[in-house]
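Participant: sequence and predicted structure are below.
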Amino acid sequence: MLEVAIRHRVGEFTLDAAFVSPGGTLAVVGPSGAGKSLTLKAIAGILRPDAGRIVIGGLVVFDGESGLDLPPQLRKVGYVPQEYALFPHLTVDGNIGFGLHAGADRAARIAELLALTGLGRQRGLRPAQLSGGQRQRVALARALAVRPTVLLLDEPFSAVDAPTRITLMEDVARVLADARTPAVLVTHNRDEALRLGDRIAVMMSGRVRQVGSPSEVFSAPVDEDVAAFVGVETVVEGRVRDVVAGLATIAVGQRVVEAGGEVAAGDEVLVCLRPEDVTLGPPAESAPTSARNHLPATVRRVTAAGPWMRVEVDAGFPVVSLVTKQSHQELQLQTGAPVVATFKASAVHLIRKRGR
Amino acid sequence: MTSRAYSAQRAGEVMLAAIACAVVFLFLVLPVAAILEKAAHTDFFDEVTSSAVTDALRLSMVTTTMSLGLVVLFGTPLAYVMARTRFPGHAVVDTLIDLPIVLPPAVGGLGLLMVFGRRGWLGEPLDDLGVQVAFTTTAVVMAQTFVASPFYIRSARAGFEAAGQELEDVARTLGSSRSGAFLRVAVPVAMPALTAGAVMAWARALGEFGATIMFAGSIEGRTQTVPLAIYRQFETGIEAPLALSAVLVVVSFSVLLAFRLLTRRAALTL
């Protein structure tokens, strides 16, 4: 459990961040300059906020009113900065063991983390001799070695190139799950946030605008700024039933959706759908099309969005569709009207949360 | 560009490089070579084993070691503070640190005399207590420390700046105190810069002449270091100065070369 409510001024910029993370991984997502890194530094105790309160796992580490400000070494946080900041003069072993006290336990703990991160063969190397991905795993292992109450990750994938990023995300997700350590992950990348966050906090210009599950944040942004940043999308949780010739059948609530993607039966996934890919039609019509997904639905809400009408329907789960004003009138899409939401299997973007 | 014009330009470049090499040869290599060659024609071993010379060599080794110790002991924290903090007057302090590099050493020596001499600000009360500083071996160390410190502090500061604050931040989240992070992370990471600065400061202290002669005088066995001995012996003959100079050339060259090779190896293993 992490509670943060802080205020801090740096020149013209004011950070005014407040959020609560009950556990698991909280992904703080927002554009650069939103104050995400400052927030992490304040939690770590590297930056002293002007005012506010920070509680980590029941321990008050900062309280502006009483002037309490625990130094970083007493906060029990694991901090992984953007470029990892590995100690260049120490080996992988030395880096991982930096925070451990000398003794027999130290060697055992280092061995545990080498096994967890798969770095056994690199243990004698120095950071300069490692690849970007290996460096990242050393930084993770070093932070986890001291059994922190919360792990703080600042843009963990910004220092690696795009092709390795996907593999690394899998690695990090696995390590976080295995270590069972609550984490706060800062990123400007929506996919990373969706992939790794159990909950998502959207931060813009110094403020946390919205905190919630991925589907809440992405399907129902609280305001236009958040919507513009996350991109209005349907994001719902589902579970892969089976995969036949690359086409996955996914149970979403009581409904079934077909989609392509590198997933296996039993995987928990996020089903993402862009509103422009969703077609709405009258319920009776059943003319054959190439689209694989036809879901009977009810119109819930209609709002104007520039030249479009944004139509939220309930198809057993919330789906958003963008239609022209003309279609809106012709199809009589008032609240409560029955429709069929249609989209192609290839328009569905699957994000694998964890395998079974 | 035609090939003729190209080859003409190329010839010009070669010519310029040749002139630069010739100038360097004339001003750097020849004087050093001349000292070694002329020294070889003296009774070298008799000269370097005379008491005046061995005293000077011993005194130089002792005083430069002590002044280097002082420079490192007080210069390291100062360099760290200058690298990590910004405060009003930071630029002024920075300039003061560098001042001995541009100031004629004789000015530094005079200044030290005005503070620690018998009539000086601190020298007078010290004299009342029976403590004399000027014209003692202590004064030699102080003069060397004054002129050598900027070389170390500049290099150390650059080293701490390059090491960056973030490494220490991470060390602190891993349980280190501020001073623990300084000793376990900042110092080892900045070590190549610290060593380079220490070598330069030591070399500067070894060659120190002007401040020493103003503040410590040239008393054989007490304040007469190698550079002062060379100058003093020069009044009576050329043999002893040549032998001493040759020793200084060989020692300085060996230390600098050894340092080069050592740091190169360190850079390769990093």
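Facilitator: The structure has been received and is ready for your questions.
Participant: so who does whichever residue of chain A sits closest to chain B touch?
Facilitator: At 3.2 Å from chain B, residue A:99 is the closest residue in chain A, using CB to the nearest CB. The way it works is simple: take the backbone N, C-alpha and C, and place the C-beta from them, glycine included. Going by CB atoms under 8 Å, 6 or more residues apart in numbering or on different chains, residue A:99 touches A:142, A:145-146, B:174-176.
Participant: hang on, it in a strand?
Facilitator: No: with DSSP: H, G, I helix; E, B strand; the rest coil as the criterion, residue A:99 is assigned coil and is not in a strand.
Participant: quick check: closest non-adjacent residue to it.
Facilitator: residue B:174 (3.2 Å; CB to CB, 6 or more residues apart in numbering or on different chains).
Participant: state the number of residues packed around that neighbour.
Facilitator: Neighbourhood size, residue B:174 [other CB atoms under 10 Å in any protein chain shown]: 27.
Participant: now it, what are its backbone angles?
Facilitator: The phi and psi values for residue B:174, taken as degrees, to the nearest 10, are phi -90, psi 10.
Participant: and it, how far is that from residue A:186?
Facilitator: 19 Å (CB to CB, to the nearest Å).
Participant: check residue A:299 too.
Facilitator: Counting by CB to CB, the gap from residue A:299 to residue A:186 is 38 Å.
Participant: these two: who's more crowded?
Facilitator: residue A:186 (27 against 22).
Participant: in contact with the nearest residue to the more buried one once chain neighbours are set aside, which residues?
Facilitator: For residue A:186, ignoring the flanking residues on the chain, the nearest one in space by CB to CB, 6+ apart is residue A:36 at 4.2 Å. Residue A:36 makes contact with A:28, A:30, A:154, A:186-188, A:203 under the criterion CB under 8 Å, 6+ apart.
Participant: nearest to residue A:306, of the residues you listed?
Facilitator: Closest to residue A:306 out of these is residue A:30 (23.5 Å), distances taken as CB to CB.
Participant: my read is that the closest one contacts residue A:226, right?
Facilitator: No: using CB atoms under 8 Å, residue A:30 makes no contact with residue A:226, being 9.3 Å away.
Participant: just the ones in helices from the contacts of residue A:99, please.
Facilitator: Among the contacts of residue A:99, DSSP state H puts A:142, A:145 in helices.
Participant: ok, and the most crowded of the contacts of residue A:99?
Facilitator: Counting neighbours by other CB under 10 Å, residue A:142 comes out on top of the contacts of residue A:99 with 31 neighbours.
Participant: and that residue, what does it touch?
Facilitator: Residues A:86, A:95-96, A:98-99, B:170, B:174 are the ones in contact with residue A:142 under the rule CB under 8 Å, 6+ apart.
Participant: select the longest helix from the chain.
Facilitator: Using chain A. Under DSSP H, chain A gives helix A:162-179 as its longest helix.
Participant: that was the other one, I meant chain B.
Facilitator: Chain B, longest helix under DSSP H: helix B:51-84.
Participant: buried ones in it?
Facilitator: B:52-53, B:55-57, B:59-60, B:63-64, B:66-68, B:70-72, B:75-76, B:78-80, B:82-84 (16 or more other CB atoms under 10 Å in any protein chain shown).
Participant: with just CA atoms, put the strand ranked longest in chain A into PDB.
Facilitator: For chain A, the strand with the greatest residue count under DSSP state E is strand A:293-305. Listed next in PDB are the C-alpha coordinates belonging to strand A:293-305 (Å, rounded to 0.1, in the frame of the first residue of the first chain):
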ATOM      1  CA  ASN A 293     -17.200 -10.200 -34.600                       C
ATOM      2  CA  HIS A 294     -20.900  -9.300 -34.400                       C
ATOM      3  CA  LEU A 295     -22.100  -8.400 -30.900                       C
ATOM      4  CA  PRO A 296     -25.700  -7.400 -30.100                       C
ATOM      5  CA  ALA A 297     -25.500  -4.300 -28.000                       C
ATOM      6  CA  THR A 298     -27.400  -1.400 -26.500                       C
ATOM      7  CA  VAL A 299     -26.500   2.300 -26.900                       C
ATOM      8  CA  ARG A 300     -25.500   3.800 -23.600                       C
ATOM      9  CA  ARG A 301     -24.300   7.300 -24.300                       C
ATOM     10  CA  VAL A 302     -23.800   9.500 -27.300                       C
ATOM     11  CA  THR A 303     -21.500  12.600 -27.400                       C
ATOM     12  CA  ALA A 304     -20.400  14.900 -30.100                       C
ATOM     13  CA  ALA A 305     -16.600  14.700 -30.900                       C
END
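Participant: for the helix or strand hosting residue A:227, packing partners?
Facilitator: Using DSSP states H and E, the element containing residue A:227 is helix A:224-230. Contact analysis of helix A:224-230 by 3 or more CB pairs under 8 Å, 6 or more residues apart in numbering or on different chains; DSSP states H and E lists strand A:199-204, strand A:207-212, helix A:214-219 as its packing neighbours.
Participant: if you compare these, which one is most tucked away?
Facilitator: strand A:199-204 (a mean of 25; mean count of other CB atoms under 10 Å in any protein chain shown).
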